[in-house]
Structure formats: structure tokens, C-alpha cells
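# can you look at this prediction? I've put the sequence above it.
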Amino acid sequence: MTKVAEFVEQTLRMLCEWKTIEILEMNLEEDRIPMILSIPPRLSISEVMGMLKGKTAIKLFKSFPALRKNPIGGTTFGVVDIV
């Protein structure tokens, strides 16, 4: 497992513990992280996913700034259309 993958896994586990979310299953893959979670009724699914994705991305880019650069040299995150 790479340092980035280890960092992402630790961050997700810490965030879930903080919000009392139980991770039933998690599989780190190259381009996605399928998870099965037990979410308390006081939290909405969209709230949890937004928090997990947002806080993980912020911590990841602070710890690994080179990930912010795309192959063309820009600073975008996500899908980019090149015409």
C-alpha cells in the first residue's frame, strides 16, 4: 500500500470515528474507495459523503501538494475536458 493510500485510509477511519460512523467494509482501489458504512440516523448520507470527501481532500492536498497538479500542469481536481 502506498503512503497516499495509507494516509487516505487513516483519515477516513479517523473522520468516521469522530462522527460515530461504523465502517463495515472499505476497499482502497486505484481510482475509488467503495465503502459500506453504518451511519447514525441524525446524519444524512449526503452530509456524511460531503464531509468525508471534502475533509479527506483538504488533508490529502496539504500533506501531498504534488497531487494537486494534473498531468498537463494545471491545478484542477476532477474531470477536465480537453478540446
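Great, that's in hand.
# average model confidence for the longest helix seen in the chain?
Ranked by residue count under DSSP state H, the longest helix found in the chain is helix 45-63. Across helix 45-63, the average pLDDT comes to 94.
# buried stuff in that helix?
Val48, Met51, Leu52, Thr56, Lys59, Leu60 (16 or more other Cβ atoms under 10 Å). C-beta: built from backbone N, CA, C; applies to glycine.
# from these, which single one is nearest Ile23?
Nearest to Ile23 among the buried residues of helix 45-63 is Leu52, at 10.5 Å by Cβ to Cβ.
# who touches the closest one in this structure?
Contacts for Leu52 were tallied using Cβ atoms under 8 Å, 6 or more residues apart in numbering; they are Leu12, Leu15, Cys16.
# continuing past the helix or strand hosting the second one, what's the next helix or strand?
Counting by DSSP states H and E, the element that carries Leu15 is helix 3-18. Per DSSP H and E, the first helix or strand lying C-terminal to helix 3-18 is strand 22-26.
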